[in-house]
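1. task: produce atomic coordinates for the following.
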Amino acid sequence: MQITIKSTRIIKEGFQSNGTTPYKWVSVIADDGSEKGTEYTTFDAGVLKLGPGSVIDIGDIETKEGKLKFKKVVSVISELKATAPAPNGKTYPDMSKEEWREKQLIERASFEAQTAFKGIIDLLVAKIILPEGEIAQGALDWASKRLSPTLQEVVATMPHLGRPADESGPRAFKNVGDFLTAMGKKGLSRKQVIDELIRLKMIKGEADLPKLDLTIAWEALGDAITPEDIPF
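-> Numbers count the residues shown, from 1 in each chain. Got it, this is the predicted structure:
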């Protein structure tokens, strides 16, 4: 089967269970004439060298849980070189090193602010701190300037943070056991989860699990790859 590449990105990368053989799980968006295109996934990292407009033969298509994937690029019909990818898999051809560094700092500051805000809201929901407190008021003031709903609407939605969302997206957990059970359903054992969290430097060891932000951990491991998915 031939497709025209619209874009590519790395979904996840790491090492196989032996700890030494690396892999990259790649998303390939094919230009099918629609705005979004059709997504395929593959472990053939060589496709990252091909830029938009390249035409490739991807052989037979497999369908797993409603998602399309292929084993490897069978042949390259026409090739356009890809621009050097940024660390998150996106491309910024006109961005200097200084601009890239500034962008990373801005994104990191935004991520840290959002994480801190969520932590404060969790404390409010658990009634560990009071809404009238200085820290809570500061967090709510920060959020109210960035969200379109009124402050009252934002606060009213917070007790529902514990409800599960789409299995592939953000999700909150009651405790570590609930989190590990959910990861088990995705095919990852307790040891595999801990090893991956250590590799991602989210924890130093199993003793740190109670301190872990489980929602962020779920997002980090949400696309975790199980051994049977790796075709080599």
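
2. and S54, how many residues sit next to it?
-> For S54, the neighbour count with other Cβ atoms under 10 Å is 21. Backbone N, C-alpha and C define where each C-beta goes, glycine included.

3. hmm, I typed the wrong one, I wanted I120.
-> 21.

4. what pLDDT does the model give it?
-> I120 is assigned 75 on the pLDDT scale.

5. repeat for V125
-> 78.

6. for T21, give its distance to F43.
-> 11 Å (Cβ to Cβ, to the nearest Å).

7. what about the two, which has more around it?
-> Each of T21 and F43 has its neighbours counted (other Cβ under 10 Å); F43 has more, 18 against 11.

8. which residues are in contact with the nearest residue to I58 once chain neighbours are set aside?
-> Of all residues not flanking I58 in the chain, F70 sits nearest, at 4.1 Å (Cβ to Cβ, 6 or more residues apart in numbering). Contact analysis of F70 by Cβ atoms under 8 Å, 6 or more residues apart in numbering lists M1, Y40, T42, D44, I58, G59, D60, I61, E62.

9. relative to I198, how far out is F70?
-> 32 Å.

10. what about W218, neighbour count?
-> W218, neighbours per other Cβ under 10 Å, totals 23.

11. isn't it right up against A182?
-> Yes - under the contact definition of Cβ atoms under 8 Å, W218 touches A182, with a separation of 7.2 Å.

12. give me the buried positions along stretch 9-18.
-> Counting neighbours by 16 or more other Cβ atoms under 10 Å, one finds that the buried residues in stretch 9-18 are I10, K12, G14.

13. return the item of these having minimum pLDDT.
-> For the buried residues of stretch 9-18, the pLDDT minimum is G14, 83.

14. you'd agree it is up against Y23?
-> Yes - between G14 and Y23 a contact is recorded at 6.5 Å, counting by Cβ under 8 Å.

15. report the longest strand in this protein, please.
-> Assignment by DSSP state E gives strand 2-15 as the longest strand of the chain.

16. pull up the pairing partners for that one, direction included.
-> Here strand 2-15 is paired, per DSSP bridges, with strand 22-30 (antiparallel), strand 55-57 (antiparallel).

17. so this structure: which segments form each domain?
-> 2-78, 95-160, 163-226 (automatic domain parsing).

18. what ranges do the strands span in this structure?
-> Under DSSP E, the chain gives strands at 2-15, 22-30, 38-42, 55-57, 62-64, 67-69, 75-78.

19. wait, which of those is closest to G138?
-> For G138, the closest of those is strand 2-15, at 35.3 Å, according to Cβ to Cβ.

20. rewinding a little: relative to strand 38-42, how tilted is the longest strand of the chain?
-> Strand 2-15 and strand 38-42 meet at an angle of 40 degrees, taking axes from the mean of the first three to the mean of the last three Cα atoms, to 10 degrees as the criterion.

21. please tell me how far A126 sits from L188.
-> 28 Å.

22. so between the two, which is more surrounded?
-> L188 (20 against 8).
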